[in-house]
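coordinates for the following, if possible.
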Amino acid sequence: MSRLQTEWRRLYLPDTTVCPHTGGQTAPLVDEHARVRAMVLELARPADWEALSAVWRGVQLDLALPAPGIAVSGLDGYQLWFSLAEAVPAAQAFAFLEALRARYLPEVAANRVTLLPTVDACAPSKIPHASHVPAQQVNAEHWSAFVAPDLAPVFADTPWLDFPPSEHGQADLLSQLDCITTAAFQHAQSLLQPAPQAATTPGTPGAQASNGAPLPPALDPKGFLLRVMNDEAAPLALRIEAAKALLPFSEDGAKA
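This next block holds a predicted model:
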């Protein structure tokens, strides 16, 4: 197994015990239990590093996550490759990417953003994932490749390489990336949860942000905790903590 295949396996394969003879970069990114370690967010048509760099910076500054890998797709876009230390269900990975899209790319047309793995409720057994990088594109003399952050803007008009990238150089780029630990992933998920909303008092105008958009009024502590505990989209650890915090309310009710 080459050094590039070793780095690819370390970061992105759900089964890190894949046999060397299978080739690290030919093994699937989704395991037999529909779990993944690789999460890919792509912005294309056109490739726009200025917009996608907001995600790249934001996950580091706002969510305290390690920098994802940056790749040019070989076609018409940029990709961010996130690596998880532990495999998670594909649906959970997709939900995380969707939360990133909503937070950092809210004004970008949905058809320009691709989230992989993709989960289709109509075809739960089929979970499309990203093509491996680097790779030559079909019917084109273009290659996908990982690129350094300072070189990413250079590929805005041509998000590809005209020649096969150096395996040594690709391995070097991947060797600088770290996996997202389980604790860090859970923390980031909790930070990306949408603010809880409650109805305003009839006849009373809701609070507004500086741009005039309505702000959700605050829930009372018990109501907030109940909302978190019952939110199936919230991380399990967060729901458990909410349930623990609700215990005093239950005891007060019993005494009454």
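
any idea how far Leu43 is from Phe94?
16 Å (C-beta to C-beta, to the nearest Å). C-beta here means a position set from N, CA and C on the backbone, and glycine is covered the same way.

of the two, which one has the most company?
Using other C-beta atoms under 10 Å, the more surrounded residue of Leu43 and Phe94 is Leu43, with 25 against 19.

which strand or helix spans the closest residue to the more buried one other than its chain neighbours?
Closest residue to Leu43 apart from its sequence neighbours, by C-beta to C-beta, 6 or more residues apart in numbering: Leu52 at 4.5 Å. Using DSSP states H and E, Leu52 maps to helix 49-61.

got the contact list for that helix?
The contact list for helix 49-61 (C-beta atoms under 8 Å, 6 or more residues apart in numbering) reads 41, 43, 65-68, 70, 78, 80, 82, 100, 103-105, 108, 149, 152-153, 155-156, 188.

point out where the chain drops to low pLDDT.
16-26, 121-125, 195-225, 227-228, 231, 233-256 (pLDDT under 70).

where exactly do the helices run in it?
Secondary structure of the chain (DSSP state H): helices at 3-12, 49-61, 90-104, 167-175, 182-192, 221-230, 236-255.

residue nearest the centroid of the chain?
In the chain, the residue lying closest to the centroid (C-alpha atoms, centre = their mean) is Leu97, at 3.4 Å.

got a list of what it touches?
Here Leu97 is in contact with Met39, Val40, Leu41, Leu115, Leu116 (criterion: C-beta under 8 Å, 6+ apart).

the first one contacts Thr114, doesn't it?
No: because the distance of 11.8 Å does not satisfy C-beta atoms under 8 Å, Met39 is recorded as not touching Thr114.

more neighbours: which of those two?
The neighbour comparison of Met39 against Thr114 (other C-beta under 10 Å) goes to Met39, with 28 against 20.

hey, what's that one bridged with?
On the basis of DSSP bridges, Met39 is bridged to Phe82.

now do Ala71
Going by DSSP bridges, Ala71 forms beta bridges with Gln79, Phe146.

outline the domain layout of the protein.
For the chain, automatic domain parsing gives the domain ranges 3-181, 214-256.

the longest one spans what distance, first to last residue?
It stands for domain 3-181. 23 Å (C-alpha to C-alpha, to the nearest Å).

report how many residues lie close to Ala99.
17.

i'd like the first residue to be 3 from this point on
All set: I'll call the first residue 3, so the last point we hit is now Ala101.

so what's it closest to, chain neighbours aside?
Nearest one to Ala101, counting by C-beta to C-beta, 6+ apart, is Leu194 at 3.9 Å.

gap between Phe98 and Pro161?
24 Å.

who's more crowded, these two?
Under the criterion of other C-beta under 10 Å, the comparison of Phe98 against Pro161 puts Pro161 first, with 27 against 21.

is it true that that one touches Val74?
Yes: taking contacts as C-beta under 8 Å, Pro161 lies within contact range of Val74: 4.1 Å.

what touches both of these two?
Both Pro161 and Val74 are in contact with Ala49, Tyr80, where contact means C-beta under 8 Å, 6+ apart.

which positions within stretch 30-47 qualify as buried?
31-32, 36-46 (16 or more other C-beta atoms under 10 Å).
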